[in-house]
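> how would this look folded up:
(one chain, ligands or ions: 1)
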Amino acid sequence: MGFESDYIWMDGELVAYKDATVPFLSSALHYGLGVFEGIRCYATEQGPAIFRLRDHMQRLLNSAHILGFKEVGYNLDQLCDAVKQTIKANKMDRCYIRPLIHHVADTPNLNLDNGEAHIGIAVWRWDSYLGAEAQQNGIRVNVSSFTRHHPNVMMTKSKMTGNYSNSVLAKTESVRLGFDEAIMLDPQGYVSECTSENLFIVRGGRIQTPLSSTVLEGITRDTLIVLANDLGYSMEEKVMVRDQLYIADEIFVTGTAAEVVAVTEVDFRKIGSGQMGAVTHALQQAFQSVVTGSHARSSEWLEYVNV
Ligand SMILES: Cc1ncc(COP(=O)(O)O)c(C=O)c1O
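Residues are numbered from 1 along each chain as shown. Down below sits the predicted model:
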C-alpha cells in the first residue's frame, strides 16, 4: 500500500500528486520545523466519516502554537473544510489523512520568525499500521533502550516532525530485535508511551494509563477513557513502572494509525494468557463500532464528508 492519491491540498489548492513537492533546501526537511496530524476517515453506511476531525485539527493548531508559529494562515473551520475537500477530490471511501504545517524560508536559519508556515494535506489508503494480524492476535514489544523526551527538551504535547527522530530510533531498534513495537520510559524511568501509540494496562479488572504529563495527549487514548467508563470499568491515570507491565493481566496500545491493539509479550515475558484479553477485546469492539457509525457515541465523534 503506497502513499499515492490523485491530489494533495497545498496552501489552498488541490495539486496533482506528482506536483506536490517542497524545495530540497526546506527548513522543515533540514531542521524538523513542521507539525503534523494523523487522522482516519472510515467507510460507514452514510459514506466516508472522519473520526474526531475538529479535535485533530485543533491539536494541529496547538502543535503549531507550541512550536512557535505566530500565524498559519487558516482557522479551524477552514482546515476542517480543506480535509473534506481533499477526501472528496480523491474519491476515497476511507483513508488516512496527513495534514502538515511546514516552515519555508529563503535563508538557512533556526529562527522560526524568518520564514512562514505552509500547509499541505495528503490522504492515502492505509488499512492497518501494525497489520491485520496484530489487530487479531496482538503484538510483541520491548522496552526501548532509548528514553522518551524530557518535557522541557522536546514538547510532548506537540506533534512536531523533529520529535519523531526519537520514535524512529526506538522503532527501528525494536523491529531489528524482532519485536513489533517499543515501549518507551520517560527520563525518570517511568513508563510513558510507544513510538506512536499510548499505552494502557489492565490488572484485576482495573484499567490504568500513564499520566498525560510526558506523553502525547492521544485522541484515541481520550476516546478509550470515555468508552471504558461507559462500559463500567475503573480507569485511572497514574505513574507506572516497568515491572507493572510484566505482571499486568492485559496491555493494549491505542493510536489513530494502530487503533486498539493488544500487547501479548513485553521483553520476552508473556502478558496474562499471552493472548488478547477480554477487556481489550471489549474495548476494541466498542472502538470499531464507534468509528464505523454503529455506536451511540458515533454521532458525537464522526464527521460525515458528504453531509
Ligand atoms: C507519540 C505518540 N503517542 C501517541 C499517539 C496516539 O495519538 P492519537 O490517538 O491521537 O493518534 C501518537 C499518534 O499520533 C503518537 O505519535
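
> For this structure, list the residue farthest from the centre, please.
Going by C-alpha atoms, centre = their mean, the residue of the chain most distant from its centre is residue 107, 32.1 Å out.

> Disregarding residues adjacent in the polypeptide, which is nearest to it?
Among residues not flanking residue 107 along the chain, residue 114 sits closest, at 6.5 Å (C-beta to C-beta, 6 or more residues apart in numbering). Every residue, glycine included, has its C-beta placed from N, CA and C.

> The one you found: neighbour count?
Counted with other C-beta atoms under 10 Å, residues neighbouring residue 114 total 13.

> Same question for residue 268.
Residue 268 has 8 neighbouring residues, counting by other C-beta under 10 Å.

> quick one: average confidence on stretch 17-24?
The pLDDT scores in stretch 17-24 average 96.

> ok, residues contacting it?
Here stretch 17-24 makes contact (C-beta atoms under 8 Å, 6 or more residues apart in numbering) with 4-8, 10, 28-29, 102, 104, 118, 120, 122.

> one step back: surely the residue farthest from the centre of the chain is within a helix?
No. Using DSSP: H, G, I helix; E, B strand; the rest coil, the assignment for residue 107 is coil, not a helix.

> quick one: pLDDT of it?
As predicted, residue 107 sits at a pLDDT of 89.

> Just put the contacts of stretch 17-24 in TSV and tack on pLDDT.
Converted to TSV, the contacts of stretch 17-24 look like this (pLDDT from 0 to 100):
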residue	pLDDT
4	94
5	97
6	98
7	98
8	98
10	98
28	95
29	94
102	98
104	95
118	98
120	98
122	98
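
> what about the residue farthest from the centre of the chain, distance to residue 158?
25 Å (C-beta to C-beta, to the nearest Å).

> Residue 170 too?
Taking C-beta to C-beta, one finds residue 170 at 18 Å from residue 158.

> Which one's more surrounded, those two?
Using other C-beta under 10 Å, the more surrounded residue of residue 170 and residue 158 is residue 170, with 24 against 21.

> follow-up on the earlier one: for the residue nearest to residue 107, give me the pLDDT.
So, for residue 114, pLDDT stands at 95.

> Isn't it up against residue 108?
No. Using C-beta atoms under 8 Å, residue 114 is not in contact with residue 108, being 9.5 Å away.

> my guess is the residue nearest to residue 107 is in a helix, correct?
No. Read with three-state DSSP, residue 114 is coil and lies in no helix.
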